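J.: Fold the following for me, if possible:
(2 chains)
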Amino acid sequence: MTLSATTRPPAATGDAGPAPGPPAHTGSSGSRVLGTLTIVGVVALVAFGLVISPADVNQGDAVRLMYIHVPAAIIAYLAFFVTAVGSVMWLVRKSTWWDLVAASSAEIGVLGTGICLVTGMVWGRPTWGAYWIWDARLTTTALLFLLFCGYLAIRRIPADPAVRNQRAAVAGLIAFVDVPIVHFAVSWWRSLHQDATISRLDPTIDGLMLFTLMLGMVVFLLGYLWLMVHRFRIAWMEDRIDDVGLDRALDERRAEGQPQPVAAAETDTVGAL
Amino acid sequence: MSVPLLADSRLVAGKDLRLEWRSRVTTNQVAPFAILVLVLFGFALDADAALLDRATAGLYWIAVLFSGLLAIQRSFAIEAVDGTRDALRLSGLDPGGIFLGKSAAVAAQLLTLEVVLLGGVAILYGTDLAGVGLLAATCLAATVGIAAVGCLYGALAAGLRVRETLLPLLLLPVLAPVLIAATRAFEAALGTVGVNGWAWVTLLAVFATTYTALGLACFGSLLEDS
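T.: As a prediction, this is how the structure comes out:
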């Protein structure tokens, strides 16, 4: 993921307005290709998931939820893994790039676990007769969702970026290390109470259904990458505004050349940023 | 002692426990709160003896987590005033030692709370405290884990404007496996459910070891940032 020149504020020292002028969008030719592929893929997934693939013998049409439920879960796990890697890279190298990757990925991961939970509950109602049962995987996903909500809460705290990044990185690691322990504890706990969790994937899955599921995985992976590119670029621009924007704003105010309002203008700018 | 890490941790733990001994916040505020939680559970469950008996293990650990949260918050509130955090950072103590020391002090307070709460459930819920060895091992392993994660997150939330609300949100999901494992082990000890309690104690020990190791590795970077 290389940053094009468009993500940096233009160097022109225009006097158009007080705000530094970021580019109007975060797109690039690469992200447009990715986005087009994703949208085409979503259309295909809708066609295969809702029309072309057959209904399940036992679950009926509810099985169609699987085509977004399972990919969303897998994307969420991938996203949290990327967050953990990004956190380590921040701690080791103090790399802002990796920190922003970790932050962006965690947001998509929480979205993924959210989709997974909602579709799981909608699916559970006709299949199990209840929106929620304490299934091991469902419970683990719910805890994962809450763990990373906490991580996102840290990211939103108004604090010095270096402090926030440092703490968010440690929090990301704490949360990620917890995932296998949570998974193990919950599965072990539930296995004591019920003999077997209900298997969602029939081992002898119909060929067309399997294809649709695989298509779902590919589409969600593309969607993840697409969202990541845009989210990362937004985060990068925000970071630049924090970093460069203040200096630029100060320079602009100085360039206005009025000796009397300078002090007041500076404090205003600091407050606004 | 030839290991500076342990010497440093003894210093920090001694400081925290001395502060606690002089201020008596745990004994005068947190312990009564813990008992209060037990009483409130009694109200919520309609003082149904059979139901309370079945739920004792879970209610006990919920009470430990909630009151432990207060002890952890307190442990880092005392570092927030008068620039103590900077003083700690400049003291030249090993960050790992500071982490171990703070964890040990929190663990000591938690163990006190747990003993108080054991007395509480024995009296209020009429629990017969059988399987003392398993109860003690569970308390010890769970406490080390709670203290380690608590000190990591306590340092993480310290100095932030939203720390009071942030800490429970961060801490409780991470401690969910501790709640599950400690409750199951207690149920085994009390004879409520026939499970292998020592297996759950092993899981608690793994949790405690993992987060103590993570704390030793990460605490320095949390201290240096502010």
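
J.: A:Q59 is in contact with A:T127, correct?
T.: Yes - when contacts are counted by CB atoms under 8 Å, A:T127 is listed as touching A:Q59 (5.8 Å). For glycine as for every other residue, the C-beta is placed from the backbone atoms N, C-alpha and C.

J.: When those two are compared, which one has more neighbours?
T.: A:T127 (19 against 16; other CB atoms under 10 Å in any protein chain shown).

J.: residues from chain B in reach of chain A?
T.: Contact residues (CB under 8 Å from any CB of the partner chain) of chain B with chain A: B:149, B:152-153, B:156, B:160-162, B:166, B:169-170, B:173-174, B:176-177, B:180-181, B:184, B:193, B:195, B:203, B:206-207, B:210-211, B:214, B:218, B:221-222, B:224-226.

J.: now check stretch A:141-155, is it near chain B?
T.: Yes - applying CB under 8 Å from any CB, one finds stretch A:141-155 touching chain B at A:143, A:146-147, A:149-150, A:153-154.

J.: For that stretch, output the C-alpha coordinates as CSV.
T.: This file holds the C-alpha atoms of stretch A:141-155, laid out as CSV (Å, rounded to 0.1, in the frame of the first residue of the first chain):
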residue,chain,number,x,y,z
THR,A,141,-17.2,-14.0,19.0
ALA,A,142,-19.3,-11.9,21.4
LEU,A,143,-16.3,-11.6,23.8
LEU,A,144,-14.1,-10.7,20.9
PHE,A,145,-16.5,-8.0,19.9
LEU,A,146,-16.4,-6.5,23.4
LEU,A,147,-12.6,-6.9,23.7
PHE,A,148,-12.0,-4.9,20.6
CYS,A,149,-14.7,-2.3,21.4
GLY,A,150,-12.5,-1.6,24.3
TYR,A,151,-9.5,-1.2,22.0
LEU,A,152,-11.4,1.2,19.8
ALA,A,153,-12.4,3.2,22.9
ILE,A,154,-8.8,3.7,23.7
ARG,A,155,-8.1,4.8,20.1
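
J.: What residues of that stretch count as buried?
T.: Neighbour-count burial for stretch A:141-155 flags A:141-151, A:153-155 (criterion: 16 or more other CB atoms under 10 Å in any protein chain shown).

J.: quick one: which of the residues you listed sit in helices?
T.: In this view, the buried residues of stretch A:141-155 that belong to helices under DSSP state H are A:141-151, A:153-155.

J.: Please give the number of neighbouring residues around residue 56.
T.: In the absence of a named chain, chain A is used. Neighbour count of A:D56, defined by other CB under 10 Å: 17.

J.: should've been chain B
T.: Neighbour count for B:T56, taken as other CB under 10 Å: 24.

J.: hang on, isn't it packed against B:L190?
T.: Yes - using CB under 8 Å, B:T56 is in contact with B:L190, at 6.5 Å.

J.: where do the contact lists of these two overlap?
T.: Contact with both B:T56 and B:L190 is made by residues B:T127, according to CB atoms under 8 Å, 6 or more residues apart in numbering or on different chains.

J.: returning to that earlier point: now flag whichever of the residues of stretch A:141-155 next to chain B is closest to B:A122.
T.: Comparing the residues of stretch A:141-155 next to chain B against B:A122 with CB to CB places A:L143 closest, at 31.5 Å.

J.: Quick check: the closest one touching B:P173?
T.: Yes - A:L143 is in contact with B:P173 according to CB under 8 Å; the separation is 5.5 Å.
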